[in-house]
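Asker: okay, structure incoming, though there's no sequence with it:
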């Protein structure tokens, strides 16, 4: 929308909670995201943390790399938990193999290495990672790509496992609000009667949908908010 609803409500005396994009793609500081553009990862675990290590959001599902950073269902939901003014404080980690513990993944890696013992390191990960991910992953691991598999130390192998379970990305900012699926912020809910959706300040004025300060994760919840508030406002009007 053009956002007129916010100015109409403000003119009527309502408080507007600051607007920010919600359910939107995230820009990342890491330049290698662009190298991964178009790569879709399914069944990965996603952990969003502050730079102090506090876990903000956990999810499991699908993630998409783009020219600017990341998108996809789990990223969109995570974006709704991030405060705009603190965007650069967040780091997220991708677990490429959430079904395997570090111990089991290490055993799997040992098996793959034993079958590719004379190959270069970069050519030994095809059974564990998508082809497009391998060059980036090898760089991040810090092991030269032409290292022979039989020369990789136990410590290096364990670092590979840790990276595969916790691949880090640093958030830079949100994509623009006009790309967001929904908007966080809007008319203060304390000033609306939840039983009727009528303004507590102006008799006969009703609100519904995204103009109100309500938003939720992806998955139909925001549509439900729109339908339910629209219905309640409609029958009471």
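Answerer: Now that the structure is in, tell me what you want to look at. Small disclaimer: the values here were computed from a predicted structure and weren't measured.

Asker: and the gap between residue 166 and residue 190?
Answerer: 41 Å (CB to CB, to the nearest Å). For every residue, glycine as well, the C-beta is placed using N, CA and C.

Asker: comparing those two, which shows the higher neighbour count?
Answerer: Taking neighbours as other CB atoms under 10 Å, residue 166 and residue 190 compare with residue 166 leading, 14 against 10.

Asker: please name the nearest non-neighbouring residue to the more buried one.
Answerer: Spatial nearest neighbour of residue 166, chain neighbours left out: residue 93 (4.6 Å); criterion: CB to CB, 6 or more residues apart in numbering.

Asker: show me where pLDDT drops low in the protein?
Answerer: Counting by pLDDT under 70, the chain shows low-confidence ranges at 84-85, 87.

Asker: what helix or strand is the residue sitting furthest away from the middle of it on?
Answerer: The C-alpha centroid of the chain is most remote from residue 203, which lies 40.6 Å away (CA atoms, centre = their mean). For residue 203, there is no enclosing helix or strand under DSSP states H and E.

Asker: give the buried residues for the biggest helix by length in the chain.
Answerer: If you go by DSSP state H, the chain has its longest helix at helix 221-236. By neighbour count with 16 or more other CB atoms under 10 Å, helix 221-236 contains the buried residues 222, 225, 226, 229, 232, 233.

Asker: identify the residues contacting the fifth one.
Answerer: Think residue 232. Contacts for residue 232 were tallied using CB atoms under 8 Å, 6 or more residues apart in numbering; they are 195, 196, 197, 208.

Asker: which one of these has the most neighbours?
Answerer: Each of the contacts of residue 232 was scored for neighbours by other CB under 10 Å, and residue 197 scores highest at 23 neighbours.

Asker: chain neighbours aside, what residue packs nearest to it?
Answerer: Here the nearest residue to residue 197 in space, its sequence neighbours aside, is residue 233; by CB to CB, 6+ apart that works out to 3.8 Å.

Asker: same thing with residue 226?
Answerer: Excluding the flanking residues, the one nearest residue 226 by CB to CB, 6+ apart is residue 209, at 4.4 Å.
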